[in-house]
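Chemist: pasting a predicted model and its sequence here:
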Amino acid sequence: MSFVYSSLVDSMLLNVIKKCLCTIYYLDIFKQIINLENSIEFESKGTFLVIDCAHYAGSYTGKLLSNDEVFYETIIRYSDEIFKQYLDSKKLFLNVNLNQAITYLMDILQISPTKMFIDHSEIIDYLLLILQQPIDDDDQSEQNVIELIASTTTLIYNLTDNSKLLSIIKYKNVIELFQKFSTSKDKRISFNAEMIVCAINEDKAEQIEEPEKVADVFVSYLANSVNDESQRCEGVPLKSLLMSLKSKPSLRFFD
């Protein structure tokens, strides 16, 4: 009985949150926040929507979102506008709360079906522009920026599962960008970057530095995603991991 009640509460709460995130108010609040000068102003401008609701949806591990294409289509369409204004604002990484809101938006995009990005492939350009901003992940005070970079690279790694999106990413000539991130001290960022480089150019798979470390992360991701209800680990779906093994036979670090 308690399980049924809990599931009912989850379903009701998730439906309310989906409706909130799909309203034009979510998009409008995001645009307003991007133009604010400091974090103090941010606190009074709809943090419930862009922080709390988005975090709940992005971290949701059940199956109630799996077939909701209307929800995903709306969020992807909103993201297109949000990223454009975020990048145009020239305020990347300057507002901790805004970075957090963008990160939670990325987390929702990570669980969206990759096929739904095909008609919004310009989002890939925005993601790459975010990664091209200067960042020093040795600075622990910039942890919120590291979280944003981790979420961004996770999303791009997920998108490489789709052959059409992978072709678009390959065309961007970004191998050097991801090779740079492959040396990150954050294991999520370095792992995502290594997998993206391998997806873009399979010949690079045999040139992976410290393949044992990559293999350790890969195995831990596999184990954790198999045992997780959402079948994900750090935002990377089990399907993506298995696809990496199936479609990239040149990955030699298990030999």
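Modeler: Yep, that arrived. Note that this is a predicted model, so its numbers are computed, not measured. Residues are numbered from 1 along each chain as shown.
Chemist: quick one: Ala54 from Ile156, how far?
Modeler: Distance check for Ala54 against Ile156: by Cβ to Cβ, to the nearest Å, it reads 19 Å. Where C-beta positions appear, they are placed from N, C-alpha and C, glycine not excepted.
Chemist: break this protein into its domains for me.
Modeler: Per the record's domain assignment (the TED database), the chain is made up of the domains 8-93, 98-209.
Chemist: between Ala54 and Ile156, point out the one with more neighbours.
Modeler: Higher neighbour count among Ala54 and Ile156: Ala54, with 26 against 23, using other Cβ atoms under 10 Å.
Chemist: give the contact list for the more buried one.
Modeler: If you count contacts by Cβ atoms under 8 Å, 6 or more residues apart in numbering, Ala54 has them with Leu21, Ala101, Tyr104, Leu105, Asp107, Ile108.
Chemist: which helix or strand contains it?
Modeler: helix 54-58 (DSSP states H and E).
Chemist: could you pull out the helices in the protein for me?
Modeler: Residue ranges of the helices in the chain, as given by DSSP state H, are 2-22, 24-34, 39-43, 47, 54-58, 69-88, 96-110, 122-131, 143-159, 163-171, 175-181, 187-200, 211-227, 238-247.
Chemist: give the rounded mean pLDDT of the longest one.
Modeler: For helix 2-22, the per-residue pLDDT values average out at 71.
Chemist: ditto for the fourth one
Modeler: For helix 47, mean pLDDT rounds to 80.
Chemist: who are the packing partners of that helix?
Modeler: When contacts are defined as 3 or more Cβ pairs under 8 Å, 6 or more residues apart in numbering; DSSP states H and E, helix 47 packs onto no helix or strand at all.
Chemist: would you agree Asp107 is in contact with Ser151?
Modeler: Yes - between Asp107 and Ser151 there is a contact at 5.9 Å, judged by Cβ atoms under 8 Å.
Chemist: those two: which has the busier surroundings?
Modeler: The neighbour count for Asp107 versus Ser151, taken as other Cβ under 10 Å, is higher for Ser151 (26 against 20).
Chemist: contacts only, for the more buried one.
Modeler: Thr103, Met106, Asp107, Gln110, Gly235.
Chemist: can you check Ser182 too?
Modeler: Contact criterion Cβ under 8 Å, 6+ apart gives Ser190, Ala193, Glu194, Val197, Glu209 as the residues in contact with Ser182.
Chemist: same check, this time on Lys172
Modeler: Applying Cβ under 8 Å, 6+ apart as the definition, the contact partners of Lys172 turn out to be Ile124, Asp125, Leu128.
Chemist: mind running it again at 7 Å?
Modeler: Leu128 (Cβ atoms under 7 Å, 6 or more residues apart in numbering).
Chemist: need the pLDDT of it.
Modeler: 91.
Chemist: can you check Asp216 too?
Modeler: 67.
Chemist: what of the one 10 residues further on?
Modeler: As predicted, Val226 sits at a pLDDT of 60.
Chemist: ok, Glu234 next?
Modeler: Note for Glu234: predicted pLDDT of 61.
Chemist: cool, Tyr126 as well?
Modeler: Turning to Tyr126, the model gives it a pLDDT of 94.
Chemist: now do Ile34
Modeler: Here the pLDDT value assigned to Ile34 is 81.
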